[in-house]
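>>> I'd like to go over a predicted model; first the sequence, then the structure.
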Amino acid sequence: MDLRLEVSERGDWSVIEVGGEIDVATAPRLREQLIALVNDQRYRIVVGLEGVDFIDSTGLGVLISGLKRVRTHGGSFALVCTEPRILKVFEITGLLAVFNVCSSLEEAVAEDGGEGDEAP
Amino acid sequence: MDLRLEVSERGDWSVIEVGGEIDVATAPRLREQLIALVNDQRYRIVVGLEGVDFIDSTGLGVLISGLKRVRTHGGSFALVCTEPRILKVFEITGLLAVFNVCSSLEEAVAEDGGEGDEAP
Amino acid sequence: MTDVTAAAGDVVELELPARPEVVSVARLVIGALVAVDPLFDEERCADLRLAVSEACTNAIQAEMVGRGRDAVADPEAEPIVMRCVLADGQIEVAITDHGGGFDPSGLQEHPEVTSPDRLNYEGGLGIPLITMLADHLEFLPTADGTTVVMRFEPRTPGLRPIIGGAPGSAGSSTG
Amino acid sequence: MTDVTAAAGDVVELELPARPEVVSVARLVIGALVAVDPLFDEERCADLRLAVSEACTNAIQAEMVGRGRDAVADPEAEPIVMRCVLADGQIEVAITDHGGGFDPSGLQEHPEVTSPDRLNYEGGLGIPLITMLADHLEFLPTADGTTVVMRFEPRTPGLRPIIGGAPGSAGSSTG
Ligand SMILES: Nc1ncnc2c1ncn2[C@@H]1O[C@H](COP(=O)(O)OP(=O)(O)O)[C@@H](O)[C@H]1O
Ligand SMILES: Nc1ncnc2c1ncn2[C@@H]1O[C@H](COP(=O)(O)OP(=O)(O)O)[C@@H](O)[C@H]1O
């Protein structure tokens, strides 16, 4: 039941720091936050998962939809995650190869936006 | 299921630092520890409850039996507890007036052992 | 996102083997349920965890083999059941055992807690604690055991017993 | 003090209203049960929490009104039940719903997770995850729903999938 979201700006990146558990009950709030940013024309988004204790497929689905929305606008989408327990969920679903998973916020916002190249 | 016990000496006091939850499943270990100290002729005992997240009547019962055992030998028995959640359990049972509840280990071991006076 | 009205009439039921090790699971469940309800604050949540722990302990002990410290879990014992109903801003918890029942009005009287004699009794604090913590308490006899029904209201801060009690009672030693 | 053999055949059953808010309670309970068993380490405990979360989510969603993001809890829905059995060093978890059932062999095929097309599908990861985490998985149709049976063995460290995966796969971007 417990999800914390903290949004800030870092250069031209928007950063959502997530804390707590991302599941079917709480993921809608993360989805709404992502949609709100894209509606504000924020197309470079980092989602910080360092404070996340749990994520399931509903949470992964929301991140996938975030990546998709941002790509549609030629933007960039990155995750920050170093916790083995959480990385494992990305790993076994194969999503480690889909997301740009960084080991720090600095690394994420240092990206030169190369991701945008591929957008339609 | 989680109880941690750490025993040390402090002058002529034996100190049991307790962590975790004291309930019907875990209290027997605390009881055994108290009995072992008394069997070793350690009659000045402080039980530190600062790391305790939960205590119920089984835990209170074990502390009562510890106090009794120590008194039988003219010794001293003190508790260290400042956490309102735990103090409340002593308070509503009336046991705050029975135990010597100190707010620090220093305060507990500074006692001059006056408690022993009353022993049979 | 939590729809409080949707919680009206919600029932959560937990069936546990009659072993001391699982009382912590009952506490976890009631704690998680109460934490979701914004009407119940952290202190009241702790009250519920304690009352549930006491009632489950009694239910389990009633089904164990032997008495007191030497009692051991009976692998053949029937499970105990905790049933929680969240409705009308109250929480009702019923705990059912198959421990043969008892007469709540015939409980052993213990000496006053402040009397030196009281030290001769380790037990007997569970039901008094439940009585103080619950807004309503009932023992219903069943065919082969007991159902303890406890009801809890969220308490307004003003009505709470003050932690630390009357001046002079906190931290005083009887020694 | 924990007698592991005493846990053989122990059953814990949890009945929950079919609302998304209670999936966390199911995770708490399985986590607490597994934590007691010294055979299951922390990583395996996390596996069980995830698999249980996925199965409960599916059970609850099957009983909700509407589909996808717009689905809402049905106050009249029947509860879902999680039944955990600890026996022979294994843990079996069965989750039963009354959501009308489905054909597990007829699930929509999704594009490969690495294909750009996959981004068009938010869902469809739950059952694949359970399949990977559980040592045994079965969907049993009931009169008005489904019972998902999952069995978990404690895994020896050597057999575990290595976190981070094959060289080069970790942290790489498709961008
Ligand atoms: N569910 C129950 N079934 C049978 N006997 C019970 C039950 N609950 C309480 N009792 C009886 O009431 C007595 C007092 O209970 P309690 O106040 O909790 O103290 P304690 O359990 O420490 O003795 C118990 O010793 C037991 O004999
Ligand atoms: N217990 C269930 N009852 C009915 N349908 C189910 C159940 N579990 C799974 N399903 C169906 O299988 C589909 C795939 O499930 P899953 O892999 O968990 O992905 P998702 O739930 O994200 O769609 C679901 O969309 C649903 O249609």
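Everything's here; your move. Ligands and ions are numbered 1, 2, ... in the order given.

>>> please make it C-alpha for all contacts and neighbour counts, starting now.
Fine.

>>> which residue packs closest to residue C:54, ignoring adjacent ones?
Of all residues not flanking residue C:54 in the chain, residue C:126 sits nearest, at 5.5 Å (CA to CA, 6 or more residues apart in numbering or on different chains).

>>> pretty sure the one you found contacts residue B:57?
Yes: applying CA atoms under 8 Å as the test, residue C:126 and residue B:57 come out as touching, 5.5 Å apart.

>>> pick out whichever of the two has more residues nearby.
Between residue C:126 and residue B:57, residue B:57 has the larger neighbour count (other CA atoms under 10 Å in any protein chain shown), namely 28 against 21.

>>> might you report the residue contacts of the residue nearest the centre of chain C?
What sits nearest the mean C-alpha location of chain C, by CA atoms, centre = their mean, is residue C:51, with 2.4 Å. Contacts for residue C:51 (CA atoms under 8 Å, 6 or more residues apart in numbering or on different chains) come out as C:129, C:130, C:133, C:134.

>>> how far away is the third one from residue C:61?
Spelled out, it's residue C:133. Between residue C:133 and residue C:61 the computed distance is 21 Å (CA to CA, to the nearest Å).

>>> okay, and the beta partners of residue A:44?
Counting by DSSP bridges, residue A:44 forms beta bridges with residue A:76.

>>> quick one: residues contacting the residue nearest the centre of chain A.
Closest residue to the average C-alpha location of chain A: residue A:47 at 3.3 Å, with CA atoms, centre = their mean. Residues near residue A:47 by CA under 8 Å, 6+ apart: A:15, A:16, A:17, A:18, A:77, A:78, A:79, A:80.

>>> report pLDDT for the third one.
Taken from the predicted model, the pLDDT recorded for residue A:17 is 98.

>>> ok, residue C:174 next?
Looking at residue C:174, its pLDDT reads 36.

>>> what of residue C:9?
The per-residue pLDDT of residue C:9 was computed as 58.

>>> pull out the buried positions in the longest helix that chain A contains.
Ordering each helix of chain A by length in residues (DSSP state H) puts helix A:57-72 first. In terms of neighbour count (16 or more other CA atoms under 10 Å in any protein chain shown), helix A:57-72 has its buried residues at A:57-71.

>>> any part of that helix near ligand 2?
No: using CA under 6 Å from any ligand atom, helix A:57-72 stays clear of ligand 2, with a minimum separation of 6.5 Å.

>>> quick one: low-confidence parts of chain C?
Scanning chain C for pLDDT under 70 picks out the ranges C:1-9, C:111, C:113-114, C:116, C:118, C:156-175.

>>> show me where it has helices.
Using DSSP H, helices in chain C cover C:23-36, C:42-62, C:126-133.

>>> buried sites along the last one?
In other words, helix C:126-133. For helix C:126-133, the neighbour count (16+ other CA under 10 Å) marks C:126, C:127, C:129, C:130, C:133 as buried.

>>> farthest-separated two in the residues you listed?
Farthest pair in the buried residues of helix C:126-133 (CA to CA) is C:126 and C:133. Separation: 10.7 Å.

>>> mutual contacts of those two, please.
Common contacts of residue C:126 and residue C:133, defined by CA under 8 Å, 6+ apart, are absent altogether.

>>> which one is residue 82 nearest to, not counting chain neighbours?
Defaulting to chain A. Sequence neighbours aside, residue A:103 is the residue nearest to residue A:82 in space, at 5.5 Å (criterion: CA to CA, 6+ apart).

>>> can you look at chain C instead?
Once flanking residues are discounted, residue C:82 sits nearest to residue C:95: 4.5 Å by CA to CA, 6+ apart.

>>> list the contacts for the one you found?
With contact set as CA under 8 Å, 6+ apart, residue C:95 has these partners: C:55, C:56, C:59, C:80, C:81, C:82, C:83, C:147, C:148, C:149.

>>> who wins for most neighbours among these?
Counting neighbours by other CA under 10 Å, the top entry in the contacts of residue C:95 is residue C:56, with 30 neighbours.

>>> now do the closest residue to it other than its chain neighbours against residue C:51, distance only.
Distances taken as CA to CA, 6+ apart put residue C:23 closest to residue C:56, at 6.3 Å, once the chain neighbours are dropped. Going from residue C:23 to residue C:51 by CA to CA gives 11 Å.

>>> cool, and residue C:127?
On the measure of CA to CA, residue C:127 and residue C:51 end up 9 Å apart.

>>> get me the contact residues on chain A for chain D.
Within chain A, the positions near chain D by CA under 8 Å from any CA of the partner chain are A:1, A:23-25, A:55-58, A:60-62, A:64-65, A:67-68, A:84-85, A:87-88, A:91-102, A:114-118.

>>> among these, which lie within helices?
Judged by DSSP H, the residues of chain A next to chain D include A:57-58, A:60-62, A:64-65, A:67-68, A:84-85, A:87-88, A:91-93 as members of helices.

>>> among those residues, which one lies nearest to residue D:72?
The nearest member of those to residue D:72, counting by CA to CA, is residue A:58 at 15.5 Å.

>>> my guess is the closest one contacts residue A:24. True?
Yes: Residue A:58 is within contact range of residue A:24, at 5.6 Å (criterion: CA under 8 Å).

>>> hey, where'd the strands end up in the chain?
All of this is about chain A. A:3-10, A:13-22, A:44-55, A:76-80, A:100-102 (DSSP state E).

>>> not quite, go with chain C.
Along chain C, counting by DSSP E, strands occupy C:10-16, C:80-87, C:90-97, C:136-141, C:146-152.

>>> which of those strands sits most buried?
Per-stretch averages of neighbours, counted by mean count of other CA atoms under 10 Å in any protein chain shown, single out strand C:90-97 among the strands of chain C, with a mean of 23.
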